[in-house]
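Undergrad: Compute the structure for the input listed below.
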Amino acid sequence: MKKRFNPIKDKSSEIIEFLMSSPDMPDDEALRFKLRLSIEEAVENVVRYAYDGGIGWLEAGTSLDHDSLVLTIELRDAGIPFNPLEKEDPDITLGANEREIGGLGIFLCKKMMDSISYRYENGNNVLTMSKKI
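TA: This is a model prediction of the structure:
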């Protein structure tokens with residue numbers, strides 16, 4: 001299941017709901033919570049930072065490998081090239097006021113998903129997150 005949203009300005013909720021309504025999504029509420037949080041963080045990053053003023057597109061989709069029961073979520077955009085996985089993980093032993101701003105969302109994605117990868121191909125950022133369901 002895949003859909004392109006254009007423009008993406010003010011469409012975070014619509015994109016998130018599209019992905020969460022996928023027939024590939026599990027029924028298990030604990031898994032859905034982890035998936036939703038990861039999707040929210042990733043989508044918000046694209047909507048806020050990929051394009052100047054949110055004028056651009058985002059292609060979002062899910063797929064399920066029925067043999068391994070691995071759900072894959074892919075986000076693709078043509079915004080500013082940015083690999084969120086290169087950002088150093090925040091030091092969560094520090095208090096909120098002592099930590100550097102940013103990076104907590106992708107850190108949470110890394111912790112909640114089984115795998116997360118980034119590639120830049122054909123002028124597109126491609127973020128792929130997978131979770132065994």
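Undergrad: Within the helices and strands, which one has the spatially most central residue of the chain?
TA: Closest to where the C-alpha atoms of the chain average out (CA atoms, centre = their mean) is residue 42, at 2.8 Å. Element membership for residue 42 (DSSP states H and E) is helix 29-49.
Undergrad: contacts for that helix?
TA: Residues from elsewhere that reach helix 29-49 (CB atoms under 8 Å, 6 or more residues apart in numbering): 8-9, 11-12, 15-16, 19-20, 25-26, 54, 58, 60, 71, 73, 75, 77, 79-80, 82, 84, 105-106, 108-109, 112-113, 125, 127, 129, 131, 133. For the C-beta atoms, the positions are set from N, CA and C on the backbone; glycine is no exception.
Undergrad: quick one: the helix or strand bottoming out on mean pLDDT in the chain to chain centroid distance?
TA: Ranked by mean pLDDT, DSSP states H and E, the helix or strand of the chain with the weakest confidence is helix 104-112, at a mean of 83. For helix 104-112, the separation from the chain centroid amounts to 10 Å (computed by CA atoms, centre = their mean, to the nearest Å).
Undergrad: avg pLDDT for the next helix or strand along the chain from it?
TA: Using DSSP H and E, the helix or strand that follows helix 104-112 in sequence is strand 115-121. Taken as a whole, strand 115-121 has a mean pLDDT of 97.
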